[in-house]
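Enquirer: turn this into a model:
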Amino acid sequence: MHATGNDGPDEDALLITEMKLRPEEPVSATGDGAAGQNLFEQIGGEDRVRFLAEASEILAGSLDYEAELERVARLIVPALADWCVVDLLVADGRLHRLAVVHRDPDKAETALELRRRYAVLSPNRAHRAWDVLQRGKPWFDPAVSETRFVAEARDAEHLALLRRLGFAAEMLLPLTARGRTLGVITLVLADTSRHYGPGDLALAEELARRAALAIDNARLYAEAQAAEARYRGLFEGVADAILSIDAEGRFRDVNAAAVELLGYQREELLGSRLEDLIAPGADLTKVEVLWRPRDGTWHGELDLRRKDGVVLTVEARTTVVTLSAGPVALSVVRDVSERHRAAIDRQRLAAIVDSSNDVIIGKTLDGIVTSWNQAAEQLYGYTAEEMIGQSIARIFPPERIDEFSDIMDRIRRGERVSHHDAVRIAKDGRRIDISVSVSPVTDAAGRIVGAATIAQDISERKRMEAAQRDFLAMVSHDLRSPLAVIRANTQLLQRRGEYSETTIATILQYADRMGRLIDDLADVVRLEEGHLPLQREQLDL
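Expert: Model (predicted):
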């Protein structure tokens, strides 16, 4: 439709300048004003006002500027053109054909075919529309030459469509608003029976200006609506509570998370004051800083009271933004009550672990120590600073390092090692007998991330067990001696079949000795149990 043709920019500028210097002189296809009356003279002053008013009413009637621009194009045709084209610049950097309207109903299908098949104009294609778009100035050709007409076409089919529509004179008008050119409107006269004059250009420019304002306003509204939709989506989609507070400390807006957190309906919160939610005894100066921060931002904690009376500890991050209605504090609020309780629990657990008589050690799945309590320091001689970040294999005897790998493999499988007797090496080289239990440690998602070891020093128990074995061996030996004497003397009496006072006395002597050994053994058991009775008897000093 538009082409650079053979006319240079100097000739273009000359045409426009000539029209502005002599606005009373019509420009015709032949250069002779007698050939016919131009369109500006055909439309009276009142009709021109009515024409622009009608176009403005159409443009202002809807925010769907694409549909309304097609209606304006139908208003232009046939008043100012035999056919009209509207091209808009879109985000992909190309001109998209929005409308093609022809006055001749028989050629309406050809106009639709032109729009359908040649709907996009890329910036890399030489075209008069790009000149108008980039310069932001109208372009006027009162008599389109055959050479330019042919050069305009992209291919043979395009040329055929243009010839069927007709091409005698043409005006290209930029759609400019707020210093930006949004697109181009092209007005075409199909034959030489009508002519364009300077007044036509002025009327078309005014129409293009109004159309551009309508497009710009509609786009601004659409952008504002999209921004509002994005804001609402973020505002409502955030998991944290968001409070919008005005300069008087009243809630202007709250999201769904805030409604859930505070237990009030949205309608109950809007217009109420932040102070109404403050827990009794709270520092009100901190409350004011929440919605009126001195440096524009604030981060801290405070206690809020839910509708059901439950007091929540919340963490708030406040930022003041300036809107058309005035400054507003946007505060993102997160319930940290559970975090506080967890911190208290961790402190309590840490105190229990640190004061425990048992050795309690935390480590990663690679065996790197993450915690080391006082009992571990006392037993192994290493301080927490010396062990945290080091491998637990440091306290394993070299010959038992495979035990470390085996335990960690079982932990990775989710198994627990219970009351496993082992040997460890202290900082001073001592070998220490311990009983150890190792359990997997999981994170919030249930993944095994480490291990917890609880150990007791069983060195004393091992010594006691050895002493008991030695004692039992000794008692067993001492009991066998009198028992052997008793058995031998009894067998002797049996074989002889006669009573022997001496033999009976020997049997009784060794039976008494055995009884005393058994009593001593019983006393040892009572002594361990703490129930040894005190027996009083006469003794010759």
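Enquirer: neighbours of Asp104, how many?
Expert: As a burial measure, Asp104 scores 16 neighbours (other Cβ atoms under 10 Å). For the C-beta atoms, the positions are set from N, CA and C on the backbone; glycine is no exception.
Enquirer: and it, what does it touch?
Expert: With contacts defined as Cβ atoms under 8 Å, 6 or more residues apart in numbering, Asp104 is in contact with Asp82, Ala190.
Enquirer: for Gly414, same thing?
Expert: Per Cβ under 8 Å, 6+ apart, neighbours of Gly414: Pro440, Ile448.
Enquirer: report the secondary structure state of it.
Expert: coil (DSSP: H, G, I helix; E, B strand; the rest coil).
Enquirer: angles on the backbone of it, please.
Expert: phi 90, psi 10 (degrees, to the nearest 10).
Enquirer: state the pLDDT value of it.
Expert: Note on Gly414: pLDDT of 91.
Enquirer: cool, and the one 3 residues further on?
Expert: The pLDDT attached to Val417 in the predicted structure is 89.
Enquirer: now the most centrally placed residue in the chain: phi and psi?
Expert: Geometric centre of the chain, nearest residue: Val238, 9.1 Å, by Cα atoms, centre = their mean. Phi and psi for Val238, reported as degrees, to the nearest 10, are phi -70, psi 140.
Enquirer: so it touches Asn255, yeah?
Expert: Yes - between Val238 and Asn255 a contact is recorded at 6.6 Å, counting by Cβ atoms under 8 Å.
Enquirer: give me the element the closest residue to Ala239 other than its chain neighbours is part of.
Expert: Distances taken as Cβ to Cβ, 6 or more residues apart in numbering put Ala257 closest to Ala239, at 6.0 Å, once the chain neighbours are dropped. Using DSSP states H and E, Ala257 sits in helix 256-262.
Enquirer: name the helices or strands packed onto the helix or strand that that helix is followed by?
Expert: Helices and strands here follow DSSP H and E; after helix 256-262, the next one along the chain is helix 266-269. Judged by 3 or more Cβ pairs under 8 Å, 6 or more residues apart in numbering; DSSP states H and E, the packing partners of helix 266-269 are strand 251-254, helix 256-262.
Enquirer: please report how far the closest residue to Tyr118 other than its chain neighbours lies from Arg412.
Expert: Excluding the flanking residues, the one nearest Tyr118 by Cβ to Cβ, 6+ apart is His158, at 6.1 Å. For His158, the distance to Arg412 (Cβ to Cβ, to the nearest Å) stands at 72 Å.
Enquirer: which of the two has more residues huddled nearby?
Expert: Neighbours per residue (other Cβ under 10 Å) separate His158 from Arg412, with His158 holding more: 15 against 12.
Enquirer: got phi/psi on the more buried one?
Expert: Phi and psi for His158, reported as degrees, to the nearest 10, are phi -60, psi -40.
Enquirer: now swap in the one 10 residues further on and tell me
Expert: Summarising the backbone geometry of Ala168 under the convention degrees, to the nearest 10, its torsions are phi -120, psi -50.
Enquirer: what's the burial count for it?
Expert: Ala168, neighbours per other Cβ under 10 Å, totals 20.
Enquirer: the stretch 351-500 of the chain: helices as residue ranges?
Expert: For the stretch 351-500 of the chain, the helices defined by DSSP state H, counting those that start in this stretch occupy 374-380, 384-387, 401-412, 459-496.
Enquirer: how about the stretch 151-300 of the chain?
Expert: Under DSSP H, counting those that start in this stretch, the stretch 151-300 of the chain gives helices at 156-165, 198-237, 256-262, 266-269, 284-291.
Enquirer: by contact count, what packs against the third one?
Expert: Okay, so that is helix 256-262. strand 241-245, helix 266-269, strand 326-335.
Enquirer: which non-adjacent residue is nearest Asp141?
Expert: Asp141 sits nearest to Glu170 (Cβ to Cβ, 6+ apart), 4.8 Å away.
Enquirer: ok, that neighbour - contacts?
Expert: Glu170 neighbours (Cβ under 8 Å, 6+ apart): His2, Phe140, Asp141, Val144, Thr186, Leu187, Val188, Leu189.
Enquirer: can you check Ile411 too?
Expert: By Cβ under 8 Å, 6+ apart, the neighbours of Ile411 are Leu365, Val417, Val438, Ser439, Pro440, Ile448, Ala451.
Enquirer: show me what contacts the third one?
Expert: When contacts are counted by Cβ under 8 Å, 6+ apart, Val438 touches Ile407, Arg410, Ile411, Arg416, Val417, His420, Ala451, Ala452, Thr453, Ile454.
Enquirer: how many residues are close by the nearest residue to it once chain neighbours are set aside?
Expert: Nearest residue to Val438, sequence neighbours excluded (Cβ to Cβ, 6+ apart): Val417, at 4.2 Å. Number of residues near Val417 (other Cβ under 10 Å) recorded here: 18.
Enquirer: need the contact list for Val417.
Expert: Val417 neighbours (Cβ under 8 Å, 6+ apart): Ile407, Arg410, Ile411, Val436, Ser437, Val438, Ser439.
Enquirer: repeat that for Ile425.
Expert: Neighbours of Ile425 in contact, by Cβ under 8 Å, 6+ apart: Ile395, Phe396, Pro397, Arg431, Ile432.
Enquirer: neighbour-wise, which one of those residues leads?
Expert: Ile395 (24 neighbours).
Enquirer: Val423 is in contact with that one, correct?
Expert: No - using Cβ under 8 Å, Ile395 is not in contact with Val423; the gap is 9.8 Å.
Enquirer: re earlier: now the helices of the stretch 351-500 of the chain as CSV including distance to Ala60?
Expert: Listed next are the helices of the stretch 351-500 of the chain as CSV, based on distance: least, Cβ to Cβ, whole Å:
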stretch, distance to Ala60
helix 374-380, 81
helix 384-387, 77
helix 401-412, 72
helix 459-496, 96
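Enquirer: and the ones you listed, which is most packed in?
Expert: helix 374-380 (a mean of 19; mean count of other Cβ atoms under 10 Å).
Enquirer: I'd like the average pLDDT over it.
Expert: For helix 374-380, mean pLDDT is 90.
Enquirer: got the CA coordinates for it in CSV?
Expert: Taking C-alpha atoms only, helix 374-380 is exported to CSV below (Å, rounded to 0.1, in the frame of the first residue of the first chain):
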residue,chain,number,x,y,z
GLN,A,374,30.3,-30.8,78.3
ALA,A,375,30.2,-34.5,79.1
ALA,A,376,32.0,-35.2,75.8
GLU,A,377,34.6,-32.7,76.7
GLN,A,378,35.2,-34.3,80.1
LEU,A,379,35.3,-37.9,78.8
TYR,A,380,37.4,-37.4,75.7
